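Undergrad: what would the 3D arrangement of this be:
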Amino acid sequence: MSATVAAPAAVVFKAACPDCRGRFELAATALRLAIGASRRTTFYSFTCPECGTAVRKPAGERIIELLTGGGVRTLRLHQTV
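TA: I've put the predicted structure just below:
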């Protein structure tokens, strides 16, 4: 008798493009999260798979929590003095 370990389900995020209005699902690897010192410098980004537009959207606390929990690559921006 052998045990098999199920692979965890891939996390996908629903997203929309403001340019072409496309709606789609993206894997965590397709998204990037940047956390800065202010709301203006905290955002997530991706490339629209339908039209190729680079999309950048603000990320509040809940979005940050969901993206980091889902394995999205995160960049912490440091403020220069």
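Undergrad: thought Leu77 was touching Ala34?
TA: Yes: with contact defined as C-beta atoms under 8 Å, Leu77 reaches Ala34; the gap is 5.7 Å. Backbone N, C-alpha and C define where each C-beta goes, glycine included.
Undergrad: which neighbours do the two have in common?
TA: Thr41 (C-beta atoms under 8 Å, 6 or more residues apart in numbering).
Undergrad: neighbour count: those two, which is higher?
TA: Ala34 (16 against 13; other C-beta atoms under 10 Å).
Undergrad: ok, now which ones touch that one?
TA: Thr41, Thr42, Phe43, Tyr44, Ser45, Thr74, Leu75, Arg76, Leu77.
Undergrad: same thing with Pro18?
TA: Applying C-beta under 8 Å, 6+ apart, the residues contacting Pro18 are Val55.
Undergrad: can you give me phi and psi for Thr68?
TA: Taking degrees, to the nearest 10, you get phi -70, psi -40 for the backbone angles of Thr68.
Undergrad: touching, it and Leu75? I think so.
TA: No: the criterion here is C-beta under 8 Å, and Thr68 misses it with Leu75 at 11.5 Å.
Undergrad: so the two - more neighbours on which side?
TA: Thr68 (15 against 9).
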